[in-house]
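Trainee: Pasting a predicted model and its sequence here:
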Amino acid sequence: MKHETSNVKISNFRIIEKLRYNIGVFLFVVISILFNSCSANKYSQSEIDMYLTKERVKAKTSPISFRIPQGWHVVDANNEAFIDLWIVRNDMNVSMSLLPIHSNSSSFSLKKGYESSMLLSQTKFKNNIEIEKEEPIKLNNSEVLFYNYKNGGNEYRVALFENNNKFYELTLYGDNSKINKEFFIQELMISSAK
């Protein structure tokens, strides 16, 4: 009787160990899937290659470069103190400008830069614009924050992102009827940042 009881205990112990092992494997797989889905980029490398040229353009004063979208070209900015990179679609109806965001604060964050950028846009247009915030997305393994607004028949879509511990604002600007199709190009450009 004592021998049968010890066999049952050993058998139960093995079943419990197998169950723990299977639960551990299951949790590992589920957590891995969740982690990978959260960190995945919105665009694949093949999508980036399809819409962007192989040519890279470096910002004038910042340590960042981008691939140029097909059908776009770089324009020399008149005021390098503010515009670090300016590219224009070949039909001249839509453009993008890159501004580095500088801060002396050690507690500066993407979220603080986002709030400051919206406030500066409101101030620039004397509170005559209505800002619409967009859902953040992940591009180039970093969170990107967007907002947009319209003024005088033009639409602006501002993207704030971090690259190599520096913060940037990439503004897409153009005629209201032309800009929406270019959201994709703006996001691809950020995805190509190095």
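Mentor: Arrived safely, thanks for sending.

Trainee: Tell me which helix or strand comes right after the host helix or strand of Y156.
Mentor: Applying DSSP states H and E as the criterion places Y156 in strand 154-163. Next along the chain after strand 154-163, taking DSSP H and E as the criterion, comes strand 166-175.

Trainee: Neighbouring strands of that next one in the sheet, and parallel or not?
Mentor: Strand 166-175 pairs in its sheet with strand 94-101 (antiparallel), strand 154-163 (antiparallel), by DSSP bridges.

Trainee: ok, and for that strand, which residues are buried?
Mentor: For strand 166-175, burial by neighbour count (16 or more other Cβ atoms under 10 Å) applies to F167, Y168, E169, L170, T171, L172, Y173, G174. In short, each C-beta sits where N, CA and C put it, glycine included.

Trainee: Next SSE downstream of that strand?
Mentor: Sequence order places helix 176-179 as the next helix or strand after strand 166-175, per DSSP H and E.

Trainee: roughly how far is that following helix from the heart of the chain?
Mentor: 22 Å (Cα atoms, centre = their mean, to the nearest Å).

Trainee: list the helices and strands that helix packs on?
Mentor: Contacts defined by 3 or more Cβ pairs under 8 Å, 6 or more residues apart in numbering; DSSP states H and E place helix 176-179 against strand 154-163.

Trainee: Now the strand it packs on: average pLDDT?
Mentor: Averaging pLDDT along strand 154-163 yields 96.

Trainee: Check stretch 17-25 too.
Mentor: Taken as a whole, stretch 17-25 has a mean pLDDT of 70.

Trainee: where along the protein do the helices fall?
Mentor: 2-39, 45-51, 110-124, 176-179, 183-191 (DSSP state H).
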